[in-house]
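J.: sequence and computational prediction follow.
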Amino acid sequence: MGMKAHVAIAFANYQFVLGACDFGENLRNERHHSIKRRINTLLQDIGFTCIDEAACTDKNGSCRRIDILAFEPNSDRAYLIDPSVRFETNEDMDAVVQKEKERIYRGCIQDLSRRYQHHGKRKFEVIGLWWGSRGTISKGVVKFFDRFKLNKKLLPEMAESVLVSSIRMLHHHIYST
């Protein structure tokens, strides 16, 4: 087997461990929750009312949990924010994640309007945020930070935490099996 084949196999294994392996599921979930909690805190710090893991039902009757349901202060806006940590590919992952989140959560807006009517009539928007499992900060994340006037100086630290978590997952996979 040639060097190219070895590299391709190693790359596929790496991608599997960081994105789909059941053995590392708890570590993968913790990596995701770490980013979600950080975004939630940043939004609360600027006055948003945020609900973590907001329960709702979509148009088909399926139960869903939205990572962050954020109500903008002094506004008629609310946001369904769902960060994802995924392996980098050649696809436009910002667009892929946004389209996926729209498909999943767009059908929940009617239920959310009913459940959270005490926040007033709101225009809901679905926002999918993609973080690369190897520490990539996507354009979508940068635009999100700009749009909500969040401190972009925190982005390298957040990307580093994703990378460290990914390395921890790889270490756990290699040395625990």
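T.: Nice, I can see it.

J.: quick one: the helices in this structure?
T.: 3-19, 25-45, 93-105, 109-115, 139-147, 155-176 (DSSP state H).

J.: quick one: mean pLDDT for the first one?
T.: So the one you mean is helix 3-19. In this model, helix 3-19 carries a mean pLDDT of 44.

J.: thinking again about what came up before, would you single out the least confident of the helices of the chain?
T.: Minimum mean pLDDT among the helices of the chain: helix 3-19, a mean of 44.

J.: ok, so what distance separates the spatially most central residue of the chain from residue 60?
T.: Geometric centre of the chain, nearest residue: residue 83, 1.3 Å, by CA atoms, centre = their mean. For residue 83, the distance to residue 60 equals 24 Å [CB to CB, to the nearest Å]. For the C-beta atoms, the positions are set from N, CA and C on the backbone; glycine is no exception.

J.: check residue 46 too.
T.: Taking CB to CB, one finds residue 46 at 35 Å from residue 60.

J.: neighbour-wise, which of these two wins?
T.: residue 46 (12 against 6; other CB atoms under 10 Å).

J.: pLDDT at that one, what is it?
T.: 98.

J.: surely it touches residue 151?
T.: No. The criterion here is CB atoms under 8 Å, and residue 46 misses it with residue 151 at 9.7 Å.

J.: okay, now residue 146: neighbour count?
T.: 10.

J.: that one against residue 139, yeah?
T.: No. The criterion here is CB under 8 Å, and residue 146 misses it with residue 139 at 10.3 Å.

J.: how near is residue 163 to residue 31?
T.: As judged by CB to CB, residue 163 and residue 31 stand 10 Å apart.

J.: ignore what I typed, I meant residue 148.
T.: Distance, residue 148 to residue 31, by CB to CB: 22 Å.

J.: now residue 161: closest residue in space that isn't a chain neighbour?
T.: Excluding the flanking residues, the one nearest residue 161 by CB to CB, 6 or more residues apart in numbering is residue 34, at 6.0 Å.

J.: what's the spacing between residue 112 and residue 104?
T.: Residue 112 is 13 Å from residue 104, by CB to CB.

J.: when the two are compared, which one has more neighbours?
T.: Between residue 112 and residue 104, counted using other CB under 10 Å, the more crowded position is residue 112 (23 against 17).

J.: contacts only, for the more buried one.
T.: Going by CB atoms under 8 Å, 6 or more residues apart in numbering, residue 112 touches 54, 56, 66, 69, 78, 80, 124.

J.: so which of those residues wins on neighbours?
T.: In terms of neighbours by other CB under 10 Å, the contacts of residue 112 top out with residue 69 at 27 neighbours.

J.: wait, it sits on residue 78?
T.: Yes. Residue 69 is within contact range of residue 78, at 6.8 Å (criterion: CB under 8 Å).
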